[in-house]
Each structure stands twice: as C-alpha cells, then as structure tokens.
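Asker: the sequence and its predicted three-dimensional model are supplied below.
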Amino acid sequence: MAVREITYREALKEAMREEMLRDETVFLIGEDIADPHGGSYKVTAGLSTEFGLDRVIQTPISEQGFIGTAVGAALIGRRPIAEILYIDFCTMAMDQIVNQAAKIRYMSGGQAKVPLVIRTQGGMGRSSAAQHAQSLEAWFVHTPGLLVAMPSTPYDAKGLLKTAIRLDDPVIFIEHKLLYNTKGPVPEEEYTIPFGVADVKREGRDCTVVATSRTVLMTLAAAETLEREGISVEVVDPRTLFPLDVDTIVASVKKTSRLVVVHEAVERCGFGAEVVAQVAEKAYGYVDAPIVRVCAPSVPAPFARQLEDYVMVDEKKIADKVRRLVRGEI
Amino acid sequence: MGLEITMPQLGLTMERGKVVKWLVGVGDTVERGQPIFEVETDKAIVTVEAQQSGKVARILVAEGEEAPVGAAVAVLEGAAAPEAAPPPEAKPEPKPAPEAVRLPVSAVRVEASWKARAEARKAGLDIGSIAGTGPGGRVVAADVARALAAKAAAVPAVKATPAAEKLAAALGLEVSGIAGTGPGGRVMEEDVVRAAAEAIRGRGAVAAAAAGVVDRVPLTGVRGLVSRRMAESARETARVTLFREVDAGALVRLRERLKGEGVEATYNDILVRLCAEALRRHPDANARLGDGVIEHLGDVNIGLAVDTERGLLVVVIKGADRLNLREIARERGRLVEGARSGRIGPDDLRGGTFTITNLGMYGVEGFTPVINLPECCILGVGRIVKKPVAVDDAVVVRPMMVLSLTFDHRVIDGAPAARFLDTIARLVEEPALILT
C-alpha cells in the first residue's frame, strides 16, 4: 500500500473530494468556504473551483439559517457537509442541531433520517480568547441522536470523515485549529475508519492515558519522556466520543491498573467524566490508583498568551500527572 | 443455621484480641453494619461491625477475655444466611451446607484501592490486616500481593498426627512450635510428650532463677509492641545524639500570647510546627531507610509521644507543615484524647516521618531518645528552667531548654543533622520568623 505524508488539512480535503466524486448528493455549505478564500483554515480550498458553486454553497454569517438548510436538504436525500467556523458558533445553531437534526430520526419513528455532517474546529493555543477557543464536545456527546468524532491524526481525519459522510445519522466532526498543519502518513488507496473503534496509539504497561484530539499528540510526547524514566504509558485515542469504544479502554485499564483522562475542554462535566464513570463501573476490580484527569480548569479561556498557557493542557502537565500517579504520590 | 462471628485480624502483627465490650446481648437482633463489639489490639480499641444480619444466639468470649484471631466470639442465627451472597462477579455455585459458616469480619474502615480490595477479597484476606504503602498509607495491589506472599511464607503447613494434635491441644501446646521427628517432619505423639517435658523443665529453671519476683507483666498489648519496636530500633540503628541548649524565652512568650488570643497551644504544639518547618528546610532529615535506598518523603507527618495508661503511644499529626498552630492544637487535642481513651484508629498511629518526645514536665534536662523506626530522627525535649547565662558580656537569667536530637547515622551524617538541629534551635529562639 502506497503511503505518503500529508497534512491534516489535506487529508480532510481529500476525504470530501473523494466523497463528492463518489456521490453526487454530497455538497458543502458554510461561510467563506469557496475560492479564492477556500475557508478560513483553507480546508475547502480548490473544491468550489473543481465542483462549482452549486456544490460548494457560500452563506452569509447565519449559522441557524444554513444548518437549518442543511438539515432540510439531508431530509430530502442529500448529504450536506456544513462547516461551522468555530465550535463556539454552534451556539447560534443549537436549536437546529439539538432539537431538529438529533431528534428527527427518533421522532419520526425511523421514517426520516438526517445524514448531515457538521465540520467544525475547537481548542486553545492561538490566543483566540474565550469565544474562539472552547472545546464543547461534551454538549454533543450528551445529546442522544448525534454522533461525535474528534480525530487527532491525518489518517484518522480522512478515514473518519469519509465514514461520517456515508452514515445516515448527524455527525458533529470536531477538528482542532492547531492540527491542520500537522503531518502524518495517509495511504494513497481508499480506506474508511468505522465509528466506535478506539486506536491504541502507543502500547504500555504502567498507566493508560485516554486522550482526545490534539492532546493525543501531547500525550505521545509525554509518553516518550516518561519511557526514558522507566514509566511505560499506553495511549488510547477513542477517535469517536460517541459511539465510544469502552471495551478497548477497559481492556487497557485492566492491563495497566491506572487511568488518566486528558482533554482540552474544561474539567467539570467534561467528556473525561464519562470515561471515568465507565471505567469505575466496568474495571472496578482492576483500578489500583485514583483515576485522575488532566483538563483545563473550569474557567473561560484567557486571551493573554501566558494565561492561556497556564490553563491549557500541555505535554508537561500530562507527564507530571502520570509520573506522580505511577510513583504512588497521588 | 448458626453463623460464627470471629475475632478479626486488625493488623499484621495481631495474633489475639481482647473483647473490651459487647454492644449487643444474647437475643438481640443485629443489622448488617451495626457495631457489635469492641476489641482491643496492640494499638487501639476498634469497633467491629456485623457483616450479616441475624439474632445473637450465643456469646462465646466474655468482656475482658481474649481470643485468637479467627476464633469464634459469638454465634448469630436466623435470617443471616441468605445475605451471605457471593460477590457479584462470582457465578452462583451450589454451596456446601456447613453447620457453621465462618464469616470474615472486616472491622476497620481502611483506605484501599479498588483493585487491592478486589484482590484481597478474592484471596480471602482482610484488607484491614494489610499494611498500606500507597499515599497516606493506602493499601494498593502490591501490598496485597506482599501480604499474600508473607502469609504463604509464614504459615508452613504443619503436619501432625491426629493423636499428636489431640494431645497438644489437651496440653495447651501449639503443634507448629514442636519439632517433628515423623516421616516428612510430621509431629508425632512422642514429640508432643518430649516438648511438654521440656516446657515443664524450662518453667522450673525460670522459676528457680526468678526468686524475689513479685509480679509478672506479660509482654502483650502496647507493652509488647513498644518492647519489640524499641529493641528493633536499638538493634538496627546507628544512633548518635546531639544536644543543644536554647533560650526558650520567645517560646514562653509566644505561648502566653496565644493563650491571650484564646488558643490553648502547648509547647509541644509550637515545637511540632517549628520542627515541621525545619524538616521542610532539611528534606534529608525527613527520610527513612528503604530496601537499599534512602527514601525522602514528601509529607511532613510529626509523631508525638504520648504517655497513656496502657503505655507509650505515638500519635501522628499529618501534614504538620501545612497546618497553623490553631489547627495543630485542635488535632493534637483529638489525637491525645483518642490515645488516652484507647479509642484511636490505626491511621492516627502510623505514617510519621519524625517524632517529638517531651520529658520536660518531669524535670528531665536532656536524654537520648530511641529512634521511632522507620523514621531517622527523633527530638527529645527537656524542661524549661531559668539559668544564668552570658548574653553579650553580662550574666542574665534566661529560661533555657535542652534539645536532644537522636539521628540514624545510616541515613544522615553528623554535619547535616547538626545543621538540622541548628535550624530547629534558631526557630525555637525566634519562632516569629515563621509564625507571625
């Protein structure tokens, strides 16, 4: 299988392009996504030139309106990919996402479906301040009827986005603003990644770390440092938060007896709480140390770079926590 | 069906326990979790809870009597049996129907990891009998594994013929203490006879040598524990004691001032705080000897020697470097009261990283205290007495006090220990440096 190194951005674009070529019902809708702008993070650059403005539809700043449009189009058989520029702006379209897209399949007794993908991005690290740096995935994981993907690598991004487009349920597809330029191996050949299958990004003996999105990369770097200190870390990337691959996480904790959950979102009622609860229930007799989280403190993201660094999860914070846990200091 | 309630094992070294008080009587109905009796161990009085509901049919060990660990102390009857359910993960198996079911009684609430609990349960070990090495003394899975290994090593199966067992029981001898001469080391009847004869000869010899003895105090309970631990420390440690006389004027004034503010702090409370600060500045003194390593400890937990009716107990003020004087005084009050009434839990008697022992109230000037293993330093505090001393070039009268620091030379050298004592001395002479 031929493999090349491409960026996360290119991987996403390839997924959309391939699916648009494969299926005429797939179209894009969102703000500033057509050329020459090609999207604020340039993920859709070139697609309007190739497929025309009928399949790459530009909208005004109107999240409630264009998500509603996409829900309607999905209901009549199209497969829209809507882009919400920052996950923070989902708040404008929450009624369409939570009360419409997530509910219709259930409330119609399965007679209607909403094969919609909402691509968006979150996360800190660019000093974007409190309204442009949130990680709101837990809201969507908490909403029955929505599927939630959070890829950390170009390979996962492409394979999961292709699956998201083909699924008949609405998918919230959450990218990270600091991952677009990261590179990784992606096969030339077509592939997809099923939802609900976690990926063990690194095997280890002493501690399981479940991490999402960009924190997977931080955790892998931390694991490298800890390995030199004799601490062996297993890194599990759930890839999709719902459906969640609890079995893989539980199997890992049974092996290592310790669990740290990492995400960029604030700690209180974050996605990590769900992982912790699942493990507390399903691996009770195997857990030999407190289950701890490394997350942002429960405050709005600061604008000042130093303060953002202070609240943001990073490699050092993860390494410190794992080290103290494994040494029995917690 | 009768269900035996047994004497729980409340510590690794516990072999017997004394029933201090029954909280229920024959004929009473008890609920699972209800306190049913109090047992005195080496270290403390612990309340034992019923693990099953039922009706007390018989009490086998009266108040004030002792029973070995695992022996039945009472019998429950009635509705108890159905509650003896297997742990949820276990498949319900056809149970043998014994006339008496021996229930493990886990009496103390112990901090333990989930895994440690599950593994102890699986192995049939009482989690309360396992010494924890996790943070704050938490029992972790490795401790359970160690306890299991120790149990396996400590209890070699003693083989004895039924006749030998019967005779030994009748003579009050333990077959495990008798050398067997039978096949494979099996204890035979004649081995028991020989052992009994030796025991009788031994007793006679002791009796002959002990002319003039008017009383014999068995080395049990707190006395036995102190005796073993002191001997171990004297045997193991390379101890050196440093003396330093300090001006206690500031200490006396501080205590008076606190009293004025309504804080009933003792000299010991203030010394606990000052030593905690000194230990923070000298982490090499806040250490213990591990297996081939010196372990520096993150917590500063200060033990305080307390004289009780039952003997010496060292209560431990945890995290003393993070407490203010008011908090230390309150905690010390709780601990000393618990130690004197015998109602103190094992958690309050372990985990120390340094000990203070004060004999000043008995007029003692200085002394060489015995290190409380596994700690590496102990501070002896003498009386505060007014003496003429030279200040600048004048002789003045000052309240003086001698501090005696015994340290374990295996862990810390003389010069760093002297620097540590110097820090304590300076803080005693100027407590305002940290306490204002």
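Answerer: On my side now, so go ahead.
Asker: over to A:Thr69: give its phi and psi.
Answerer: The phi and psi values for A:Thr69, taken as degrees, to the nearest 10, are phi -60, psi -40.
Asker: give me the element the closest residue to it other than its chain neighbours is part of.
Answerer: Counting by CB to CB, 6 or more residues apart in numbering or on different chains, A:Thr69 lies nearest to A:Ile29, which is 6.6 Å off, once chain neighbours are set aside. In this view, the C-beta of every residue, glycine as well, is placed from N, C-alpha and C. Taking DSSP states H and E as the criterion, A:Ile29 maps to strand A:26-30.
Asker: which neighbouring elements make contact with that strand?
Answerer: helix A:8-22, strand A:56-58, helix A:63-75, strand A:79-84 (3 or more CB pairs under 8 Å, 6 or more residues apart in numbering or on different chains; DSSP states H and E).
Asker: contacts for that strand?
Answerer: Contact partners of strand A:26-30, identified using CB atoms under 8 Å, 6 or more residues apart in numbering or on different chains, comprise A:16, A:19-20, A:39, A:44, A:47, A:54-59, A:66, A:69-70, A:73, A:78-85, A:119, A:165.
Asker: follow-up on the earlier one: how close does the residue nearest to A:Thr69 sit to A:Ser48?
Answerer: For A:Ile29, the distance to A:Ser48 equals 11 Å [CB to CB, to the nearest Å].
Asker: next: A:Leu217.
Answerer: Counting by CB to CB, the separation of A:Leu217 from A:Ser48 is 31 Å.
Asker: over to B:Leu274?
Answerer: Distance, B:Leu274 to A:Ser48, by CB to CB: 75 Å.
Asker: what about these two, which has more around it?
Answerer: B:Leu274 (25 against 22; other CB atoms under 10 Å in any protein chain shown).
Asker: what's the helix or strand for the more buried one?
Answerer: Using DSSP H and E, B:Leu274 sits within helix B:267-281.
Asker: flag every buried residue along that helix.
Answerer: Using 16 or more other CB atoms under 10 Å in any protein chain shown as the test for burial, helix B:267-281 gives B:267-279.
Asker: likewise stretch B:184-198?
Answerer: B:187-189, B:191-192, B:195-196.
Asker: got it, and stretch B:320-340?
Answerer: Within stretch B:320-340, the residues scored as buried using 16+ other CB under 10 Å are B:320-321, B:323, B:325, B:328-329, B:331-332, B:335-336, B:338-340.
Asker: of those, which pair is most distant in space?
Answerer: B:Asp321 and B:Arg340 (25.9 Å; CB to CB).
Asker: returning to that earlier point: and the helix holding B:Leu274, what's its mean pLDDT?
Answerer: Mean pLDDT, helix B:267-281: 93.
Asker: give me the distance from whatever helix or strand comes next after that helix to the chain's centre.
Answerer: As assigned by DSSP H and E, the chain's next helix or strand after helix B:267-281 is strand B:287-289. With CA atoms, centre = their mean, to the nearest Å as the basis, strand B:287-289 stands 18 Å off its chain's centre.
Asker: so which elements touch strand B:287-289?
Answerer: The contact analysis (3+ CB pairs under 8 Å, 6+ apart) places strand B:287-289 against strand B:294-296.
Asker: strands paired with the strand it packs on, and their directions?
Answerer: Strand pairing for strand B:294-296, determined by DSSP bridges: strand B:287-289 (antiparallel).
Asker: so for the partner strand, mean pLDDT?
Answerer: Averaging pLDDT along strand B:287-289 gives 88.
Asker: now swap in stretch A:323-330 and tell me
Answerer: 92.
Asker: how about that stretch: buried residues?
Answerer: For stretch A:323-330, the buried set under the neighbour-count rule, 16+ other CB under 10 Å, comprises A:323, A:325-326, A:330.
Asker: ok, stretch B:420-428 next?
Answerer: Under 16+ other CB under 10 Å, the buried positions of stretch B:420-428 are B:420-421, B:423-425, B:427-428.
Asker: pick the one among those residues closest to chain A.
Answerer: Ranked by distance to chain A (CB to the nearest CB), the buried residues of stretch B:420-428 are led by B:Phe420 at 23.8 Å.
Asker: pLDDT wise, what is the closest one at?
Answerer: Listed pLDDT for B:Phe420 reads 95.
Asker: by contact count, what packs against the helix or strand where it lies?
Answerer: Assigned by DSSP H and E, B:Phe420 falls within helix B:414-429. Helix B:414-429 is packed against strand B:239-247, helix B:249-260, helix B:267-281, strand B:377-391, strand B:394-408, helix B:432-435, with contacts defined by 3+ CB pairs under 8 Å, 6+ apart.
Asker: in the stretch 101-250 of chain A, which residue sits nearest chain B?
Answerer: For the stretch 101-250 of chain A, CB to the nearest CB, closest residue to chain B: A:Asp206, 12.5 Å.
Asker: quick one: contacts for that residue?
Answerer: If a contact means CB under 8 Å, 6+ apart, then A:Asp206 has A:231-233, A:256, A:258, A:326 as its contacts.
Asker: got the phi/psi numbers for it?
Answerer: Torsion angles, degrees, to the nearest 10, at A:Asp206: phi -90, psi -30.
Asker: could you do A:Gly122 as well?
Answerer: Main-chain dihedrals, A:Gly122, degrees, to the nearest 10: phi -140, psi -170.
Asker: so it bridges to which residues?
Answerer: Residues in beta-bridge contact with A:Gly122 (DSSP bridges): A:His176.
Asker: pull the number of nearby residues for it.
Answerer: Neighbours of A:Gly122 under the rule other CB under 10 Å: 23.
Asker: please apply the same query to A:Lys113.
Answerer: If we define neighbours as other CB under 10 Å, then A:Lys113 has 16 of them.
Asker: per-residue pLDDT of B:Ala197, please?
Answerer: Here the pLDDT value assigned to B:Ala197 is 80.
Asker: tell me how chain A divides into domains.
Answerer: According to automatic domain parsing, chain A comprises the domains A:3-187, A:199-326.
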